[in-house]
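> I need the structure of the sequence given here:
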Amino acid sequence: MKLETTASLNEHIDIKVFDHWLDNLDSPTRESFVAFAESNNSVIEIYLYSRFLGYNGSITSCDLWIAKHYSKPDHRSVLLSEIMEMQEDIRKLREDIENFAVKRDSGVARIAGMQKELRGTIAQVENYTANKDRKGLLMAGADQAIRELLMIFKDDPIEGPLQEASMSVWAKMQLSE
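So this is what the prediction gives:
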């Protein structure tokens, strides 16, 4: 990054680029997109939807716009921090058992229960990540296929109905898990 360039200036420009694109959408499409962005926690899905609607900018602009207008929970980070805390609790309990602060038999039983909970949380993170990745890849593939179809039938009488059908397919995919 050049010395004269600041990250906040770039962020401001990127957000303005996305705002400009959004302002140029027709009212029903803009309202639909904003409602989707507000209710969806996946930046990638929001970006893909914007691409589907004709946005040609970067995911960075979209991400900054989302961060400015809608705070999104990061469930994966929460689960990962819980895993770190569980590991620390298990370590402390082992230490307490070695220092005779906790009886060995009850301490070992508690460790076993904590490890089971830890493994469950790890599995939950892996499942959460795999599901998000899989849906993101499916949505990206659908976006690519729909764009190619629309380009093939550009300026063809079937273009209008194809556009409507693609919106229906996109909406159905958004709702599926």
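> going forward, measure contacts between C-alpha atoms and count neighbours the same way
Will do.
> Following the record's annotation, map out the domains of this structure.
Listed domain ranges for the chain are 1-72, 73-177 (source: automatic domain parsing).
> Now tabulate these in a markdown table and tack on mean pLDDT and mean neighbour count.
Putting these into a markdown table (pLDDT from 0 to 100; neighbours: other CA atoms under 10 Å) gives the following:
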| stretch | mean pLDDT | mean neighbour count |
| --- | --- | --- |
| domain 1-72 | 83 | 15 |
| domain 73-177 | 87 | 14 |
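> So which residues make contact with stretch 162-177?
Applying CA atoms under 8 Å, 6 or more residues apart in numbering, the external contacts of stretch 162-177 come out as 135, 139, 142, 146, 150.
> Swap in 7 Å and give it another go.
In this structure, residues lying in contact with stretch 162-177 by CA atoms under 7 Å, 6 or more residues apart in numbering are I146.
> how far away is the residue most central in space within the chain from L149?
Residue closest to the average C-alpha location in the chain (CA atoms, centre = their mean): S42, at 2.6 Å. Note on S42: its distance to L149, by CA to CA, to the nearest Å, is 25 Å.
> same thing with S50?
17 Å.
> In the protein, mark out all the helices, start to finish.
With DSSP state H as the criterion, the chain has helices at 7-23, 27-39, 43-52, 59-69, 75-98, 104-152, 159-175.
> Cool, thanks, signing off.
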